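[1] Pasting a predicted model and its sequence here:
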Protein chains: 2
Amino acid sequence: MKIALDAMGGDFAPAETVGGAIQAAREYQIDLILVGDRPVLESELAKHRADGLSLEIVHADDVIRMGEQAVQSVRSRPQSSIVVGTRLVHEGRAAAIVSAGHSGAAMAAALFVLGRIHGVERPALSILFPGERGWSLVLDVGANVDCRPEYLTQFALMGSAYAEHVLGIGRPRVGLLSNGEEDTKGNQLTRRAHQLLREQPLHFIGNVEGRDLPMGAADVVVCDGFVGNVALKTAEGVAECILRCLRDEIGKSWRFRLAAGLLRPAFRQVKRRMDYEEYGGSPLLGVNGAVIVAHGRSRAKAIKNALRMAREAALSPVIDVIRRSVESLPATSGVTASDGGVSTES
Amino acid sequence: MKIALDAMGGDFAPAETVGGAIQAAREYQIDLILVGDRPVLESELAKHRADGLSLEIVHADDVIRMGEQAVQSVRSRPQSSIVVGTRLVHEGRAAAIVSAGHSGAAMAAALFVLGRIHGVERPALSILFPGERGWSLVLDVGANVDCRPEYLTQFALMGSAYAEHVLGIGRPRVGLLSNGEEDTKGNQLTRRAHQLLREQPLHFIGNVEGRDLPMGAADVVVCDGFVGNVALKTAEGVAECILRCLRDEIGKSWRFRLAAGLLRPAFRQVKRRMDYEEYGGSPLLGVNGAVIVAHGRSRAKAIKNALRMAREAALSPVIDVIRRSVESLPATSGVTASDGGVSTES
């Protein structure tokens, strides 16, 4: 089983993507296909000791850069690394793909090349949200900014399947992100979704609030992509801000600096518990293939972890489980196949 | 000028509300009216040295408790402390009211007793979001979970007026909370609101993301109340979680505990920069009177700061400024006066 990596995608590609690939190949014995400009990747690989590792290059001479229009670029540039890599999955030459490049482009490529799982109305981008008691899988975090209640139901089924079959959580607790815990709280979208979720074969624990995200109150948290994106980025911003404030204050006296030096292992541990690099990537759920979208700022470690996650997803039956669970849903009125697709603006 | 305090409202009322009132009267020479059960408040006051302070009691023998249905309770219980206190403002006996009780009830009371400022479609609850470079006023954070684009425009005008005339920020930067900085990002609501905001006499800086909230990228950030509530609570949760994780890790060795002892002033400073108690309350904007909704978990310090904020709001021309700025807006089609009102479920 081979895992494809969009080696040209990401703020620190190709140095960190290739670095991460080497680590994943060495530490986890993953067989890899690096997709990208062959001469560039060869010269990057030459900087490492890669003998004995299973690293193949598939050439792609184009890259879709951040800020470019996603759908249009994916449609018109078949030689871009993300499209070439996704095609490897479609053709069965790779079992999964990881990209830290333009996330909209990765989603669009997945949608056009792999297609949606039969019955899935909207694929969703999920992330593992770090918390005190482990991680929560939150979806959607940006693929679908305007949702119908039925989409949230599907997100819940997909997230629950992923949590169980890839993350190994038995009977995952599913929460609905809302502005209060009471059943009556919510906006039009979530109040209706709440009712629908009650009817599903899920371990639905009801509404959860923003503060429950870092507490790990649920294993899977569903929301529309706009809200999920705001919550995720707020959390990232607050965490960074606190650590920066702390650094500021510590810098103010030599006594603080000394004490902080002694505390470094504790600080590192906290940072580690909060660090997106530890999980490395966000599964795109609902497409016919394992697609992991890594953070644009991924360093080698994040890439390595995303590759490991991609292999776990590829080895799991999650796509079949999702197919079976959405098949049993009643059809949504007014949603047609042509209406489908993630919102993939830049 | 007297400021009314719902002395029975809040998780730690009346001990902490009365304590905060005493502090405010002493430190800021605020003339106060404590609203609530007279015997209870008198015995609470007797625990303090309050001689020479301007503290009056207005009796109210009922309290609307957390979890009760807001609108119904406010309508049917005219003797509840929040309704009595709000009536004092309406009658001109108090210039402002502060409550740490049921926030939905405080909003409903403001709406029924004081009414909306002419032209305001939806009053909004705002908070001061702590950040690295000071505070951002974020609104709405829960009063209106489903919004039209026009409401966000009004939130922006109201928030900008408050930031300028109460917080003293010249030409406040106004941002629209979205899932990306580019103008094209957003959901249906915010994409339309973005266009409307461009046409207003505001210093509109465009979309801001969740991560910009703690960075203080804008002085005023507008969003619908659902998104604002999720963002606010996520931020609170993450901050608490990080500090708790840090405490956990520090507890693991005596060396860490020793070093942390030396760092205590730095930790305290960080906590202070992130602490809602420093500002104490959330102005409810768009009603005919100064209403400050304090956190349910407010301790005396938060109450004190909320009372100071209430006085600043009452002294400012913010209501007139809001009236003039919304008057100049074109009428929204399809919104009638009877459609008005904040969502005030529990």
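    Thanks, I have it.
[2] Secondary structure element for the residue nearest to the spatial centre of chain A, which one?
    In chain A, the residue lying closest to the centroid (Cα atoms, centre = their mean) is A:Ser282, at 0.9 Å. According to DSSP states H and E, A:Ser282 maps onto strand A:281-285.
[3] anything in the next helix or strand after that strand near chain B?
    Where DSSP H and E defines the elements, the next helix or strand beyond strand A:281-285 is strand A:290-294. No - figure legend: strand A:290-294 not in contact with chain B (Cβ under 8 Å from any Cβ of the partner chain); closest approach 14.8 Å. Any C-beta I mention is one placed from the backbone N, CA and C, and that applies to glycine too.
[4] Next: stretch A:227-235.
    Yes - judged by Cβ under 8 Å from any Cβ, stretch A:227-235 comes into contact with chain B at A:227, A:229-235.
[5] Who wins on neighbours among these?
    Counting neighbours by other Cβ atoms under 10 Å in any protein chain shown, the top entry in these is A:Val227, with 33 neighbours.
[6] what's the pLDDT at that residue?
    Looking at A:Val227, its pLDDT reads 98.
[7] can you state the direction angle for the helix or strand that contains it and strand A:281-285?
    Using DSSP H and E, A:Val227 maps to helix A:225-250. Here helix A:225-250 points in a direction 170 degrees away from that of strand A:281-285 (axes from the mean of the first three to the mean of the last three Cα atoms, to 10 degrees).
[8] related to what we said a few turns ago, can you pull the contacts of the residue nearest to the centre of chain A?
    A:125-128, A:141, A:292-295 (Cβ atoms under 8 Å, 6 or more residues apart in numbering or on different chains).
[9] Could you double-check that A:Arg273 sits in contact with B:Asp248?
    No - A:Arg273 lies out of contact with B:Asp248 (Cβ atoms under 8 Å); the separation is 9.1 Å.
[10] higher neighbour count, those two?
    Neighbours around A:Arg273 and B:Asp248, counted as other Cβ under 10 Å, are more numerous at A:Arg273. The numbers are 19 against 14.
[11] The nearest residue to the more buried one once chain neighbours are set aside: neighbour count?
    In this structure, A:Arg273 finds its nearest non-sequential neighbour in B:Cys245, 5.6 Å apart by Cβ to Cβ, 6 or more residues apart in numbering or on different chains. Per other Cβ under 10 Å, the neighbour tally for B:Cys245 reads 21.
[12] how much space between B:Cys245 and B:Thr234?
    16 Å (Cβ to Cβ, to the nearest Å).
[13] buried residues in stretch A:126-134?
    Within stretch A:126-134, the residues scored as buried using 16 or more other Cβ atoms under 10 Å in any protein chain shown are A:126-132.
[14] what's the answer for stretch A:295-315, then?
    A:295-296, A:298-314.
[15] Equivalent analysis for stretch A:258-266, please.
    A:259-260, A:262-263, A:266.
[16] now the residues you listed in a markdown table, with pLDDT, distance to chain B and secondary structure?
    Compiled in a markdown table, the buried residues of stretch A:258-266 are given as follows (pLDDT from 0 to 100; distance: Cβ to the nearest Cβ, whole Å; DSSP: H, G, I helix; E, B strand; the rest coil):
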| residue | pLDDT | distance to chain B | secondary structure |
| --- | --- | --- | --- |
| A:Ala259 | 85 | 4 | helix |
| A:Ala260 | 86 | 6 | helix |
| A:Leu262 | 86 | 4 | helix |
| A:Leu263 | 86 | 5 | helix |
| A:Ala266 | 86 | 4 | helix |
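[17] just the helices in the stretch 101-250 of chain A please.
    Under the criterion DSSP state H, counting those that start in this stretch, the stretch 101-250 of chain A carries helices at the ranges A:103-109, A:149-165, A:188-198, A:212-215, A:225-250.
[18] Identify whichever of those lies nearest to B:Met8.
    helix A:212-215 (28.9 Å; Cβ to Cβ).
[19] tell me the most buried of the helices of the stretch 101-250 of chain A?
    Most buried of the helices of the stretch 101-250 of chain A by mean neighbour count (mean count of other Cβ atoms under 10 Å in any protein chain shown) is helix A:103-109; its value is a mean of 29.
[20] Quick one: list the elements packing against that one.
    helix A:70-76, helix A:81-90, strand A:290-294 (3 or more Cβ pairs under 8 Å, 6 or more residues apart in numbering or on different chains; DSSP states H and E).
[21] so where's the stretch 151-300 of chain A shaky on pLDDT?
    A:276-278 (pLDDT under 70).
[22] so can I have TSV of the helices of the stretch 101-250 of chain A showing distance to A:Leu177?
    What follows is these, written out as TSV (distance: least, Cβ to Cβ, whole Å):
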stretch	distance to A:Leu177
helix A:103-109	20
helix A:149-165	9
helix A:188-198	7
helix A:212-215	8
helix A:225-250	6
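[23] A:Ser73 is nearest to which of those helices?
    Once the helices of the stretch 101-250 of chain A are compared by Cβ to Cβ, helix A:103-109 is nearest, at 5.9 Å.
[24] What are the contacting residues of that closest one?
    Looking at what lies outside helix A:103-109 - Cβ under 8 Å, 6+ apart - the contacts are A:6, A:9, A:64, A:68, A:70-71, A:73-75, A:80, A:82-83, A:85-86, A:99, A:123, A:125, A:142-143, A:284, A:291, A:293, A:296, A:342, A:344-346.
[25] Which pLDDT value belongs to the nearest residue to A:Ala95 once chain neighbours are set aside?
    Leaving aside its chain neighbours, A:Ala95 sits nearest to A:Ala314 (3.7 Å; criterion: Cβ to Cβ, 6+ apart). For A:Ala314, the pLDDT comes out at 96.
[26] Confirm A:Ala314 sits in a helix?
    Yes - according to DSSP: H, G, I helix; E, B strand; the rest coil, A:Ala314 belongs to a helix.
[27] That one contacts A:Val98, doesn't it?
    No - with contact defined as Cβ under 8 Å, A:Ala314 does not reach A:Val98; the gap is 10.7 Å.
[28] Overlap of the contact sets of those two?
    In contact with both A:Ala314 and A:Val98: A:Ile3, using Cβ under 8 Å, 6+ apart.
[29] burial measure for A:Gly186, as a count.
    22.
[30] ok, the residue nearest to A:Ala95 - contacts?
    A:Ala314 neighbours (Cβ under 8 Å, 6+ apart): A:1, A:3, A:95-96, A:290.
[31] Equivalent analysis for A:Gly85, please.
    Counting by Cβ under 8 Å, 6+ apart, A:Gly85 has contacts A:4-6, A:33, A:35, A:58, A:60, A:94, A:97, A:99, A:109.
[32] Per-residue pLDDT of it, please?
    98.
[33] which residue sits closest to it, ignoring its sequence neighbours?
    A:Val35 (4.0 Å).
[34] what's the answer for A:Val270, then?
    Using Cβ to Cβ, 6+ apart, the nearest residue to A:Val270 is B:Cys245, at 4.7 Å.
[35] wait, A:Asp212 sits on A:Cys223?
    No - contact status for A:Asp212 versus A:Cys223: not in contact, 11.8 Å apart, counting by Cβ under 8 Å.
[36] Now list whatever residues contact both of the two.
    Common neighbours of A:Asp212 and A:Cys223 (Cβ under 8 Å, 6+ apart) do not exist.
[37] follow-up on the earlier one: show me what contacts the residue nearest to A:Val270?
    Here B:Cys245 is in contact with A:132, A:269-270, A:273-274 (Cβ under 8 Å, 6+ apart).
[38] Equivalent analysis for A:Glu181, please.
    Neighbours of A:Glu181 in contact, by Cβ under 8 Å, 6+ apart: A:206-209.
[39] Need the max-distance pair from the residues you listed.
    A:Gly206 and A:Glu209 (10.7 Å).
[40] Name the residue in those two with the higher neighbour count.
    Legend: neighbour count by other Cβ under 10 Å for A:Gly206 and A:Glu209, higher for A:Glu209 (22 against 17).
[41] Relative to A:Asn229, how far out is the residue in the stretch 1-150 of chain A that chain B sits nearest to?
    Distances between the stretch 1-150 of chain A and chain B by Cβ to the nearest Cβ are smallest at A:Val145, namely 4.0 Å. Distance from A:Val145 to A:Asn229, counting by Cβ to Cβ: 8 Å.
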